[in-house]
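A.B. asks: For reference, the sequence and a predicted model appear below.
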Protein chains: 2
Amino acid sequence: MGVAAKKTISPEEEPVNFGVLDHMLGYKLRRAQLTFFNSFSAACSDLGISPGLFGVLVVVKENPGLTQTAVAKALANDRSAMVGAVDKLEQMKLIERRPSKKDRRSYALFMTRYGLEFIEKLTQRVREQEEQLYKLLKPGEKETLLSILDRFD
Amino acid sequence: MGVAAKKTISPEEEPVNFGVLDHMLGYKLRRAQLTFFNSFSAACSDLGISPGLFGVLVVVKENPGLTQTAVAKALANDRSAMVGAVDKLEQMKLIERRPSKKDRRSYALFMTRYGLEFIEKLTQRVREQEEQLYKLLKPGEKETLLSILDRFD
DNA sequence: TATTGTTATACTCTATAACTATA
DNA sequence: TATAGTTATAGAGTATAACAATA
């Protein structure tokens, strides 16, 4: 993944007028999210972990024994997308599929011991990466932002 | 595009613990942006306009005569992605490529007369769609959000 | 040499439909 | 009948590299 694009204006270029985009939350959210996505990738892509895979790891760690479909629902993904994600995390020896005892159609997902160590270090890296971006915020703004964004969920 | 997924918990399901995700701006931005994206699509996909194409239209309208590369840079897209976008908008008779007089390598982009009418109605629809989501905000929160998000750009 | 538009390519993400085995 | 996991598939979106024309 490349470096986050800035809309800084070189001295010789005309400034660009963004019109209604400057007042549209949808557009601004997309730009900000891109910055966070690029920052995450720069920090974690060498480990083979994308933002989406990180979400799966966290949910499985916090909720041992959840089914694939339950994880997908929690993360607003489709069931079908979970297959590849769980395959990959299982190949990386981070999580395990165990046959559910209650329902033979489904698997229960668990972290491996190695997975627990891995996510500990990974979370630390993710935290440090986000801290860099939080430097752009004043005290309390992060909490303000989180509480507002939660309402759009 | 489907309907935005909610993480509302049905009575019979165990609540899911999101761990560190609950305090990560990157994750919350992605979820919120998904909500806006789905809302935009529900309102505008019948017109063949995606959020990305809307951005191109607005920038061309506000900055007549810009080159493809300049529009791409403004929107943090790659030049190569602009080709298809401009092709599509030109086929829809919304914008025009005119040979640049200063530089024979590049095109200058302009709205057509029809394009100007079109984007007027389109913007109205986009605005109404976002207003629905703004109902979740208290007075002043939209401006707060915009000013904070701008810093991550 | 560098840049514009372009093409080809590829990779990720996402969404849908259909199949199987279970419930 | 409905649901879980799976597969196949297709459409966006995005990124890179290379080429011809032009600067």
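C.D. replies: Nice, I can see it. Numbers count the residues shown, from 1 in each chain, chains lettered A, B, ... in the order given.
A.B. asks: as a whole number, average confidence for the biggest helix by length in chain A?
C.D. replies: The helix that spans the most residues within chain A, counting by DSSP state H, is helix A:113-134. Helix A:113-134 carries an average pLDDT of 97.
A.B. asks: list the helices and strands that helix packs on?
C.D. replies: Applying 3 or more C-beta pairs under 8 Å, 6 or more residues apart in numbering or on different chains; DSSP states H and E, we find helix A:113-134 packed against helix A:25-44, helix A:51-62, helix B:25-44. Heads up, the C-betas are built off the backbone N, CA and C, glycines and all.
A.B. asks: Tabulate the ones you listed (TSV), appending distance to A:Lys73.
C.D. replies: Shown next, in TSV, are those (distance: least, C-beta to C-beta, whole Å):
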stretch	distance to A:Lys73
helix A:25-44	21
helix A:51-62	10
helix B:25-44	13
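A.B. asks: would a markdown table of these with distance to DNA strand D and mean pLDDT be doable?
C.D. replies: Below are the helices and strands packed on helix A:113-134 laid out as a markdown table (distance: least, C-beta to the nearest atom of the strand, whole Å; pLDDT from 0 to 100):
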| stretch | distance to DNA strand D | mean pLDDT |
| --- | --- | --- |
| helix A:25-44 | 7 | 96 |
| helix A:51-62 | 12 | 98 |
| helix B:25-44 | 8 | 96 |
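A.B. asks: Out of those, the one nearest B:Tyr114 is which?
C.D. replies: helix B:25-44 (17.0 Å; C-beta to C-beta).
A.B. asks: Contact residues of chain A facing DNA strand D?
C.D. replies: A:1-2, A:34, A:38, A:67-70, A:79-80, A:82-83, A:86, A:97, A:103, A:105-107 (C-beta under 7 Å from any atom of the strand).
A.B. asks: need the contact list for the most centrally placed residue in chain A.
C.D. replies: The residue lying closest to the centre of chain A (C-alpha atoms, centre = their mean) is A:Pro51, at 3.1 Å. A:Pro51 sits next to A:Phe37, A:Phe40, A:Ser41, B:Gly26, B:Tyr27, B:Arg30 when contact means C-beta atoms under 8 Å, 6 or more residues apart in numbering or on different chains.
A.B. asks: Tell me how far it lies from A:Ser39.
C.D. replies: 10 Å (C-beta to C-beta, to the nearest Å).
A.B. asks: For these two, list the residues in contact with both.
C.D. replies: Contact criterion C-beta under 8 Å, 6+ apart; residues shared by A:Pro51 and A:Ser39: B:Gly26.
A.B. asks: I'd like to know how many residues surround the closest residue to A:Tyr134 other than its chain neighbours.
C.D. replies: Of all residues not flanking A:Tyr134 in the chain, A:Lys142 sits nearest, at 5.8 Å (C-beta to C-beta, 6 or more residues apart in numbering or on different chains). A:Lys142 has 16 neighbours, counted by other C-beta atoms under 10 Å in any protein chain shown.
A.B. asks: Please identify, among the contacts of A:Pro51, the one with the most neighbours.
C.D. replies: When neighbours are counted by other C-beta under 10 Å, B:Tyr27 leads the contacts of A:Pro51 with 25 neighbours.
A.B. asks: Quick check: phi and psi on the residue nearest to that one when sequence neighbours are not counted?
C.D. replies: Nearest residue to B:Tyr27 in three dimensions, chain neighbours excluded: B:Leu21, at 4.7 Å (C-beta to C-beta, 6+ apart). For B:Leu21, the backbone dihedrals are phi -60, psi -30 (criterion: degrees, to the nearest 10).
A.B. asks: same check, this time on A:Met92
C.D. replies: Dihedral angles (degrees, to the nearest 10) for A:Met92: phi -80, psi 0.
A.B. asks: my guess is it contacts A:Leu53, does it?
C.D. replies: No: contact criterion C-beta atoms under 8 Å: A:Met92 and A:Leu53 do not qualify, at 9.0 Å.
A.B. asks: Name the residues of chain A found near DNA strand C, please.
C.D. replies: Counting by C-beta under 7 Å from any atom of the strand, chain A comes close to DNA strand C at A:Ser50, A:Pro51, A:Gly52, A:Asn77, A:Asp78, A:Ser80, A:Ala81, A:Gly84, A:Asp103, A:Arg104, A:Arg105.
A.B. asks: Separate out the buried members of those.
C.D. replies: Neighbour-count burial (16 or more other C-beta atoms under 10 Å in any protein chain shown) applied to these gives A:Ser50, A:Pro51, A:Asn77.
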